[in-house]
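**Q** this is the structure alone, sequence omitted:
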């Protein structure tokens, strides 16, 4: 274990933030403790891997199938219950973003499950790409129509000079 890596500690220590593991044992899914939107999760390799190019052929083979399984798990959760549990059990009630998401769980449908209109699947591969944890991970973020003022351009919106976003 790389004791300085938060993801390695969580995977090896059976952390409560880990909510799903792949059948092949190579991947784990965790709830993001600072979610961009309700249901924000991350898929991480169990082995310490720094960059996408460092993933083994076996890790690559199962990643997308596991991402799809995690998306299904996210679609079946109750957002308010998830964040109440995170606040009480995992983060001691100190995370204001999770509290805000509980109070504004706008993804709930009358049936109590997520209403998901799309997904953001994102990888910030390396510090230059904005990654803050030195362990490869892929974000899985359920999206709802209107969750941001203008989602046109997706990831391109982080580049202010992109002509596509100027329209």
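**A** In hand now; what should we look at? Fair warning: this is a prediction, and the values are worked out from it, not measured in the lab. Numbering: from 1, shown residues only.
**Q** need the helix or strand of the chain with the lowest average pLDDT.
**A** helix 163-166 (a mean of 52; mean pLDDT, DSSP states H and E).
**Q** helices or strands up against the lengthiest helix in the chain?
**A** The helix that spans the most residues within the chain, counting by DSSP state H, is helix 57-75. The elements that helix 57-75 packs onto, with contact taken as 3 or more C-beta pairs under 8 Å, 6 or more residues apart in numbering; DSSP states H and E, are strand 18-21, strand 27-31, strand 41-45, strand 138-143. No exception for glycine: its C-beta is placed from N, CA and C like everyone else's.
**Q** tell me the SS of residue 133?
**A** Secondary structure, DSSP: H, G, I helix; E, B strand; the rest coil: residue 133 is coil.
**Q** and stretch 52-65, what's buried?
**A** Within stretch 52-65, the residues that count as buried by 16 or more other C-beta atoms under 10 Å are 55, 59, 62-63.
**Q** name the nearest residue to residue 82, ignoring sequence neighbours.
**A** Closest residue to residue 82 apart from its sequence neighbours, by C-beta to C-beta, 6 or more residues apart in numbering: residue 31 at 7.0 Å.
**Q** pretty sure that neighbour is touching residue 38, no?
**A** No. Counting by C-beta atoms under 8 Å, residue 31 stays clear of residue 38, with 10.4 Å between them.
**Q** neighbour count winner among the two?
**A** More crowded of residue 31 and residue 38, by other C-beta atoms under 10 Å: residue 38, with 25 against 22.
**Q** got a list of what residue 72 touches?
**A** By C-beta atoms under 8 Å, 6 or more residues apart in numbering, residue 72 lies in contact with nothing.
**Q** check what pLDDT it gets.
**A** As predicted, residue 72 sits at a pLDDT of 94.
**Q** shaky segments in the protein?
**A** 1-3, 14, 16, 86-114, 150, 152-167 (pLDDT under 70).
**Q** now with 50, please.
**A** Where the chain drops to pLDDT under 50, the residues are 1.
**Q** count of residues packed around the residue nearest to residue 38 when sequence neighbours are not counted?
**A** Of all residues not flanking residue 38 in the chain, residue 79 sits nearest, at 4.2 Å (C-beta to C-beta, 6+ apart). By other C-beta under 10 Å, the residues close to residue 79 number 23.
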